[in-house]
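# Build the 3D model from these lines:
(chains A, B, C and D)
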Number of protein chains: 2
Amino acid sequence: MTGKNVPKATLQRYPVYLKALRKLKRSGVERIMSKELSSVVNIEPTTIRRDFSFLGSLGKQGFGYEIDRLIEIFNAQLGMDFEEKIILVGAGNMGRALMKYNKWDYVVGEIVCAFDINPDRQGVRFGIPVYDMDELEERIPSGCRIAILAISTNIQATVDRLVHCGIVGLVDFTHEHIQVQKGVVLKTVDVVSSIQELVFETNSLTTKQ
Amino acid sequence: MTGKNVPKATLQRYPVYLKALRKLKRSGVERIMSKELSSVVNIEPTTIRRDFSFLGSLGKQGFGYEIDRLIEIFNAQLGMDFEEKIILVGAGNMGRALMKYNKWDYVVGEIVCAFDINPDRQGVRFGIPVYDMDELEERIPSGCRIAILAISTNIQATVDRLVHCGIVGLVDFTHEHIQVQKGVVLKTVDVVSSIQELVFETNSLTTKQ
DNA sequence: TTAATAATGATAAATTATTCACAAACAAAT
DNA sequence: ATTTGTTTGTGAATAATTTATCATTATTAA
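The predicted structure is shown next:
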């Protein structure tokens, strides 16, 4: 269905487009040309057109793209139709922040349940049941493929356990290095790494010119 | 100093190396060959060697790399020596999670202070002073270039205000699309986007073979 | 209905990133 | 000291990605 071989780089831009398109729709815009969109997302018009073309001929020559249509297609491509059942591992500060902001209902599946070793954090939080880590194997929803990792101890062991349970995609909010076998996709989300890249980039910007 | 023109792709791998090297050091490893490191980080040995070579001749032929030396150099390159003064904008759930985990002291600068519109969140939290948003212009440390954005309302306006105060690098924990002028670097850190990429990637993995 | 205008989508060119392959350099062993 | 084995660092080759160019097609106005 999603077929093709969409370049990795393109893939990373899709969420950017979707967000921008939603913003445009909210402000009443109904159609847009690649050139206009370019100035909104800071991506070359020609790159935008190419990125879009992987999902079909979405635009009309001499006219542009209908925003509703684009949003619909991106939603379908980026997960809405998959109804992913996501689990959250770790209900500490970060975990709770993620549970509270569970706005991704109807966007990319939902957090079905969470796990934590600390009894104080167990029970129902923000409408999501939080179980003891010991119950992982029995409580994990069948067909669950994606986990969000927000723990701070026993990290590697927990990852191995998750993979053993059938998890093939991990969003990692941890601050440690994690090793995964081939076939498992790891997306690291780390403030420190982001700042490190930022420091480097902003520095070469200010030093260069 | 950091000079050169390090490829963007390489830049994104540096934090990965640094984390892995720290982990190796903790487990007592003192030197490593590119081939070994490769199996730890899932990056080809030759890519590793080339990435490292941008920072000088860090290894010894027939011997490998000394981990201490690598860590030292990466620390220097990735921000430790810059003593960045970082501000946090938004002290809600996410903001507090970031404040509590302020382990990036001595790694990439530190959060000097935070700002929030909500009086309940102001005062000192986790050792970091949280001021009212109104005080941004007077309280922002001089020379501050990097801000972490963890607010949920008035986002674009706040960004514009920050840029006006001299911010050139933003780590964005928001869930909305943000527009920045050229010269300002935006690093978006978003669970939803990460999951979207993940859904796409894991799906093409399972459908393909 | 036809011509003019405009923006897409596809192909070609340019750029950027990765991998190959090997000479040079170091360590260890003899 | 010399040889052998090993691994780095880097030019050259390949692959991937981005950008430029342009033919095509839809829209709009005459």
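# Tell me how many other residues crowd residue A:75.
18 (other C-beta atoms under 10 Å in any protein chain shown). (Glycine included, C-beta is placed from N, CA and C.)
# how close does it sit to residue A:69?
Using C-beta to C-beta, to the nearest Å, one obtains 11 Å as the distance from residue A:75 to residue A:69.
# now residue A:181
Plainly put, residue A:181 is 39 Å away from residue A:69 if you go by C-beta to C-beta.
# now swap in residue A:169 and tell me
According to C-beta to C-beta, residue A:169 and residue A:69 sit 28 Å apart.
# Settle it for me: which of those two has more neighbours?
A count of neighbours by other C-beta under 10 Å puts residue A:169 above the other of residue A:169 and residue A:69, at 24 against 12.
# which residues does that one contact?
Taking C-beta atoms under 8 Å, 6 or more residues apart in numbering or on different chains, we find residue A:169 in contact with A:145, A:146, A:147, A:184, A:185, A:187, B:195, B:198, B:199, B:201, B:202.
# want to try TSV for those residues, with neighbour count and distance to residue A:174 as columns?
Listed next are these as TSV, based on neighbours: other C-beta atoms under 10 Å in any protein chain shown; distance: C-beta to C-beta, whole Å:
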residue	neighbour count	distance to residue A:174
A:145	22	19
A:146	26	16
A:147	28	12
A:184	17	15
A:185	20	15
A:187	20	12
B:195	24	16
B:198	25	16
B:199	25	20
B:201	18	19
B:202	21	19
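# Please identify which of those residues is nearest to residue B:107.
Compare each of the contacts of residue A:169 with residue B:107 using C-beta to C-beta and the shortest gap goes to residue A:187, at 21.3 Å.
# Test my guess that the closest one contacts residue B:200.
No. Contact criterion C-beta atoms under 8 Å: residue A:187 and residue B:200 do not qualify, at 11.1 Å.
# the strands in chain A, which residues?
A:31-32, A:65-66, A:85-89, A:110-116, A:123-125, A:128-132, A:146-149, A:169-172, A:185-188 (DSSP state E).
# does chain B sit close to stretch A:7-26?
Yes. Counting by C-beta under 8 Å from any C-beta of the partner chain, chain B has neighbours in stretch A:7-26: A:11, A:12, A:14, A:15, A:16, A:18, A:19, A:20, A:22, A:23.
# That stretch close to DNA strand C?
No. Using C-beta under 7 Å from any atom of the strand, stretch A:7-26 stays clear of DNA strand C, coming no nearer than 8.8 Å.
# ok, that stretch near DNA strand D or not?
Yes. Contact of stretch A:7-26 with DNA strand D (C-beta under 7 Å from any atom of the strand) involves A:7, A:8, A:9, A:10.
# CA atoms only for that stretch, dumped as PDB, please.
C-alpha atoms of stretch A:7-26 as PDB (Å, rounded to 0.1, in the frame of the first residue of the first chain):
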ATOM      1  CA  PRO A   7      13.800   8.000   0.300                       C
ATOM      2  CA  LYS A   8      14.600   8.300   4.000                       C
ATOM      3  CA  ALA A   9      15.200  12.000   3.700                       C
ATOM      4  CA  THR A  10      11.700  12.400   2.200                       C
ATOM      5  CA  LEU A  11      10.200  10.400   4.900                       C
ATOM      6  CA  GLN A  12      11.500  12.800   7.500                       C
ATOM      7  CA  ARG A  13       9.900  15.700   5.800                       C
ATOM      8  CA  TYR A  14       6.400  14.300   5.600                       C
ATOM      9  CA  PRO A  15       5.600  15.100   9.200                       C
ATOM     10  CA  VAL A  16       6.800  18.700   8.600                       C
ATOM     11  CA  TYR A  17       4.500  19.100   5.600                       C
ATOM     12  CA  LEU A  18       1.600  17.600   7.500                       C
ATOM     13  CA  LYS A  19       2.000  20.000  10.400                       C
ATOM     14  CA  ALA A  20       2.400  23.000   8.100                       C
ATOM     15  CA  LEU A  21      -0.700  22.000   6.100                       C
ATOM     16  CA  ARG A  22      -2.800  21.700   9.200                       C
ATOM     17  CA  LYS A  23      -1.700  25.200  10.200                       C
ATOM     18  CA  LEU A  24      -2.600  26.500   6.800                       C
ATOM     19  CA  LYS A  25      -6.000  24.900   6.900                       C
ATOM     20  CA  ARG A  26      -6.800  26.300  10.300                       C
END
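# Just the residues contacting it, thanks.
Residues from elsewhere that reach stretch A:7-26 (C-beta under 8 Å, 6+ apart): A:32, A:37, A:40-41, A:43, A:47-48, A:50-51, A:54, A:67-68, A:70-71, A:74-75, A:77-78, B:175-177, B:188, B:190, B:192-193, B:196-197, B:200-201.
# Report the buried residues of stretch A:150-164.
A:150, A:151, A:155, A:158, A:159, A:162, A:163 (16 or more other C-beta atoms under 10 Å in any protein chain shown).
# I figured the last one hits residue A:181, correct?
Yes. Checked against C-beta under 8 Å, the pair residue A:163 and residue A:181 is within contact range at 6.7 Å.
# what residues does stretch A:173-183 touch?
So stretch A:173-183 is contacted by A:90, A:94, A:98, A:148-152, A:155-156, A:159, A:163, A:168, A:170, A:172, A:186, A:188-190, A:192, B:16, B:19-20, B:22-23, B:40-42, B:101, B:103, B:205 (C-beta under 8 Å, 6+ apart).
# Among these, name the buried ones.
A:90, A:94, A:98, A:148-151, A:155, A:159, A:163, A:168, A:170, A:172, A:188-190, A:192, B:16, B:19-20, B:22-23, B:40-41, B:101.
# So what are the structural domains in chain A, by residue number?
Listed by automatic domain parsing, the domain ranges of chain A are A:8-78, A:81-192.
# Can I get those in CSV including distance to residue B:58?
CSV is the format used below for the domains of chain A (distance: least, C-beta to C-beta, whole Å):
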stretch, distance to residue B:58
domain A:8-78, 28
domain A:81-192, 19
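# most neighbours per residue, which of these?
Mean neighbours per residue, mean count of other C-beta atoms under 10 Å in any protein chain shown, is largest over the domains of chain A for domain A:81-192, with a mean of 18.
# send the alpha carbons of stretch A:133-147 over as CSV?
C-alpha atoms of stretch A:133-147 as CSV (Å, rounded to 0.1, in the frame of the first residue of the first chain):
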residue,chain,number,x,y,z
MET,A,133,6.7,-3.7,34.6
ASP,A,134,6.4,-7.3,35.7
GLU,A,135,3.1,-7.6,33.9
LEU,A,136,4.6,-6.5,30.6
GLU,A,137,4.4,-9.9,28.9
GLU,A,138,0.8,-10.5,29.9
ARG,A,139,-0.6,-7.0,29.5
ILE,A,140,1.0,-6.0,26.2
PRO,A,141,-1.7,-5.7,23.5
SER,A,142,-1.5,-8.3,20.8
GLY,A,143,-0.2,-6.9,17.6
CYS,A,144,1.5,-4.0,19.4
ARG,A,145,4.6,-3.1,17.4
ILE,A,146,5.6,0.3,18.7
ALA,A,147,6.8,1.4,22.2
